[in-house]
Structures are given as structure tokens and as C-alpha cells.
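K.L.:
quick one, what's the 3D model for this:
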Amino acid sequence: MISARTCQVHKKLAIFGAALLAVCLLGGLNAAVAQDKGADSAQKQELQQAQQQAEQATAKLREIQKVVVKNDSALEKEQQDLMALQQKKMEQYTSENATKREKIMALLKVRRDKELQQKRQAFNEKLVKAMKKEDPKTEDYIAELRSARKKIMEIRRAQQGGQQKMMPKKQAQ
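P.N.:
Residues are numbered from 1 along each chain as shown. From the prediction side, this is the model:
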């Protein structure tokens, strides 16, 4: 027959074992959470670096563009005409008292407008050609900008994928 003292020892061992198991499981969970947070932190830092690279490349390109347009009256006029046409199209698609949503929809229509797309493309080709003459590193800045934007998109997709994994799955009904 088991004595009362032996039962108490067994209970204490069971409680201690359960507590030890809980500590081990929680420790493993905390390590996994800490690892995820470390990855999130690294990802945030990587995103910030890519955004900074994009901003720097954009600033360099804007600087070159400003000089080129200022020094080339034909390009300056073409840019002004393009902006005026864009404004005219925007006004066609919106009323005076348009809501914010209507303005956004109009902006999307303007971006898809074939005439504007063709004129914008032709202007951009002339502009980039002139910018390359002004600063031979223009192509490098464009490549840096594209690379940084690609990196930003990759990180954001990865973040969205990670958020979706964290969301609980809907239970089947």
C-alpha cells in the first residue's frame, strides 16, 4: 500500500514536471517570438535602407532634370504643355465639387489616357537623353532607383506574407 507521504512526493514531482515542461515550452516559444522580432527588425532596417537609396537616387535625378529643363527651352515648353494637358484631362474627368474618391478615380483615368501616355513616354525619352548628356551617371541613378524600388516591393510583399501567416485561419463551417 502507498503511504500518504509517497503520494505527496508523487504529486510534487508531477507538479514540478508539469511546471518544467511549461517552462521549456514557453522558453521555446519566447525564443521563436524573439527570433521573429529580430527578423522584423532586420527587415525594417533593410526597408529603411532601400527607401533611403530610392530617395537619394530620386534627388540626384531631380537635380539633373531641373538643370536640363532649365537649360533647354524646348524641353521646358514640352514639359509645361504636358502638365497643362494633364490638368485639362483631369478637369474633364472631375466636377468642381468632386469628392476625394472621384478625384482619385479621375487621376487613374488620366494615368491610363492613351494620348497622355504616348506624350509622357516621348517626353521622358527626350528628357533622359538630355539628362545623360548633362550627367553620364544618369543611367546609374536610374538603375539604383529601380533596384531600390524592387527591394522595397520585395520587403513589403514578405511583410504582408508574414502578416497573413500570423492571422488565424477561418474555421470551416
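
K.L.:
how about the helices in this structure?
P.N.:
Assigned by DSSP state H, the helices in the chain fall at 4-71, 73-93, 100-112, 114-134, 138-166.

K.L.:
what residues sit buried inside the shortest one?
P.N.:
Residues 106, 110 are the ones in helix 100-112 that count as buried (16 or more other Cβ atoms under 10 Å). For glycine as for every other residue, the C-beta is placed from the backbone atoms N, C-alpha and C.

K.L.:
quick check: mean pLDDT across that helix?
P.N.:
Mean pLDDT, computed over helix 100-112, is 92.

K.L.:
now swap in stretch 75-87 and tell me
P.N.:
Mean predicted confidence for stretch 75-87 is 95.

K.L.:
give me the buried positions along that stretch.
P.N.:
In stretch 75-87, counting by 16+ other Cβ under 10 Å, buried: 75, 78-79, 82, 85-86.

K.L.:
export these to TSV and tack on distance to Lys60?
P.N.:
Listed next are the buried residues of stretch 75-87 as TSV, based on distance: Cβ to Cβ, whole Å:
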residue	distance to Lys60
Leu75	18
Glu78	22
Gln79	19
Leu82	22
Leu85	28
Gln86	25
